[in-house]
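Enquirer: dropping a prediction and its sequence here:
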Amino acid sequence: MNLKPAVAIALIALTALSGCSRAGSSDAPAAQSKGPASEVRIGYFPNVTHAAALIGVEKELFKKELGSTKLTTQTFNAGPDEVNALLGESLDIAYIGSGPAINAYAKSKGEAVKLISGATSGGAALVVKPEINSVEDLKGKTVATPQLANTQDVALKKYLAGKNLTGQVTVQNVENAQTLDLFKKGDIQGAWLPEPWSSRVVAEAGAKVLLDEKTLWEGGQFPTTVIIVRTKFLQEHPETVEAVLKGHVAAVDWGKSNADDAKKTVNAALEKLTSKKLGDKILDAAWKNIELTTDAQAKTFPQLAKDAVTAGVATEAANVAGYADFTLLNKVLQAQGKPQVQAAGLDKK
């Protein structure tokens, strides 16, 4: 789908949000519930890190819960484009990386989107040429990330800043498929990528893992993929959002309980979306690096907001207070006798 109209609309939406005295104020009237939506538009990536979305669509778990509500899906390569679609109101719910998710909230002054669930923890790594043995060896080299200010772009730049290497490593923003080609040609020497691309570059381009991002986080837990929703859509159609979350929880549960079948399902979905399925070894490696979860790891979001500043992609840390609304997710979890997800203070302004 051509995203240019969505981008244009998003820019208009952002202008309106920043210029309208009521849109950014706490006394702006909330939208009223209108019952189930006639249609819900869900966005996600053709990546293993978005396995819950792929399973939910492929196994018709969303469709089962949505009833008469039409499900429309759209895929994206990286979060910033998906944010434009959300803010331009051409998308209702998004599986997205934590970095762009925070950016969407910050750009709209905390008004346009809400964090409603986690989807995946882990599944991102810095892969490099075999001769590179330390991050210092990347001086003067080129390292790729999927898109400017996307989750992996922030992670890489923050990591380089922590090693005093800002400006000494060229960071190039390249679509994942092109990154693989550039790596094979020797035009880039490293890449910070989500799964399955990090495993593909290792298997198909002779790279090695220099750093698994899990090692940078307490307990190896960090939100690679979360779910956000347009606030207005949540207010007007809570029944529809709850139905999507029921499908999401079912996808997470099924994926965790049926690993072999889940990998086959994800691979079938990837083949439909990209015309190419993954080799078994690549898929197995990618699957081992992710954890399907409904926990968005809310406690990490204040740090993630600061990381964007350290990475140089934001001038100030976004205020993430009030970002999370796990009410419907916890309703679904509680009804199934599952532990509730903690908001870690992100549900309060």
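Expert: That came through fine. Numbers count the residues shown, from 1 in each chain.

Enquirer: mind showing which ranges of the chain have poor pLDDT?
Expert: Using pLDDT under 70 as the threshold, the predicted model of the chain has low-confidence ranges 1-30.

Enquirer: quick one: the strands in it?
Expert: Per DSSP state E, the chain carries strands over the ranges 39-44, 70-75, 93-96, 113-122, 124-128, 142-145, 170-173, 190-194, 208-212, 223-230, 290-292.

Enquirer: and those strands: which comes nearest residue 325?
Expert: With CB to CB as the measure, strand 113-122 is the member of the strands of the chain nearest residue 325 (4.6 Å). Every residue, glycine included, has its C-beta placed from N, CA and C.

Enquirer: and the longest helix seen in the chain with strand 39-44, angle?
Expert: Here the longest helix in the chain is taken by residue count, with DSSP state H as the criterion, and it is helix 238-257. What separates the directions of helix 238-257 and strand 39-44 is an angle of 40 degrees, with axes from the mean of the first three to the mean of the last three CA atoms, to 10 degrees.

Enquirer: what distance separates helix 238-257 from the centre of its chain?
Expert: In this view, helix 238-257 has its centroid 17 Å away from the chain centroid, taken as CA atoms, centre = their mean, to the nearest Å.

Enquirer: what does stretch 198-211 give?
Expert: Average the C-alpha atoms of stretch 198-211, do the same for its chain, and the two points are 21 Å apart (CA atoms, centre = their mean).

Enquirer: quick check: closest non-adjacent residue to residue 334.
Expert: Beyond its immediate neighbours in the sequence, the residue positioned closest to residue 334 (CB to CB, 6 or more residues apart in numbering) is residue 340, lying 6.2 Å away.

Enquirer: before we move on, back to that, out of the strands of the chain, flag the one nearest residue 347.
Expert: So among the strands of the chain, strand 113-122 is nearest, using CB to CB, at 9.3 Å.

Enquirer: what about the helices in the chain?
Expert: Secondary structure of the chain, counting by DSSP H: helices at 4-19, 51-58, 61-66, 79-87, 98-107, 151-162, 176-185, 197-205, 231-236, 238-257, 259-274, 280-288, 301-310, 327-335.

Enquirer: now those as TSV including distance to residue 316 and mean neighbour count?
Expert: Conversion of those to TSV gives the following (distance: least, CB to CB, whole Å; neighbours: other CB atoms under 10 Å):
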stretch	distance to residue 316	mean neighbour count
helix 4-19	15	15
helix 51-58	31	27
helix 61-66	37	20
helix 79-87	18	26
helix 98-107	9	26
helix 151-162	14	24
helix 176-185	30	18
helix 197-205	31	23
helix 231-236	22	19
helix 238-257	30	22
helix 259-274	37	17
helix 280-288	35	18
helix 301-310	6	20
helix 327-335	29	17
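
Enquirer: reformat those helices as CSV; add distance to residue 219.
Expert: Conversion of the helices of the chain to CSV gives the following (distance: least, CB to CB, whole Å):
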stretch, distance to residue 219
helix 4-19, 36
helix 51-58, 20
helix 61-66, 28
helix 79-87, 24
helix 98-107, 16
helix 151-162, 17
helix 176-185, 27
helix 197-205, 20
helix 231-236, 30
helix 238-257, 18
helix 259-274, 21
helix 280-288, 17
helix 301-310, 14
helix 327-335, 21
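
Enquirer: closest one to residue 37 among these?
Expert: Among these, if distance is taken as CB to CB, the winner is helix 238-257, at 4.4 Å.

Enquirer: returning to what we had before: and the residue nearest to residue 334, what does it touch?
Expert: Going by CB atoms under 8 Å, 6 or more residues apart in numbering, residue 340 touches 326, 330, 333-334.

Enquirer: report the buried residues of stretch 288-296.
Expert: Residues of stretch 288-296 classed as buried: 289-296 (neighbour count, 16 or more other CB atoms under 10 Å).

Enquirer: tell me the spacing between residue 51 and residue 264.
Expert: 12 Å (CB to CB, to the nearest Å).

Enquirer: report the contact partners of the closest residue to residue 173 other than its chain neighbours.
Expert: With sequence-adjacent residues excluded and distances taken as CB to CB, 6+ apart, residue 173 is closest to residue 148, at 4.8 Å. Going by CB under 8 Å, 6+ apart, residue 148 touches 80, 173, 313.

Enquirer: pipe the residues you listed into JSON lines and attach distance to residue 253 per row.
Expert: Output for the contacts of residue 148, formatted as JSON lines (distance: CB to CB, whole Å):
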{"residue": "80", "distance to residue 253": "31"}
{"residue": "173", "distance to residue 253": "35"}
{"residue": "313", "distance to residue 253": "35"}
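
Enquirer: what about residue 326, neighbour count?
Expert: Taking other CB atoms under 10 Å as the neighbour definition, residue 326 ends up with a count of 25.

Enquirer: one step back: for residue 129, which of the helices of the chain is the nearest?
Expert: Among these, the nearest to residue 129 by CB to CB is helix 176-185 (8.0 Å).

Enquirer: neighbouring contacts of that closest one?
Expert: 47, 77, 144, 146, 174, 188, 191, 193-194, 197, 200-201, 204-205, 207, 274.

Enquirer: chain center to that helix, what's the gap?
Expert: Remark: helix 176-185 is offset 22 Å from the chain centroid, using CA atoms, centre = their mean.
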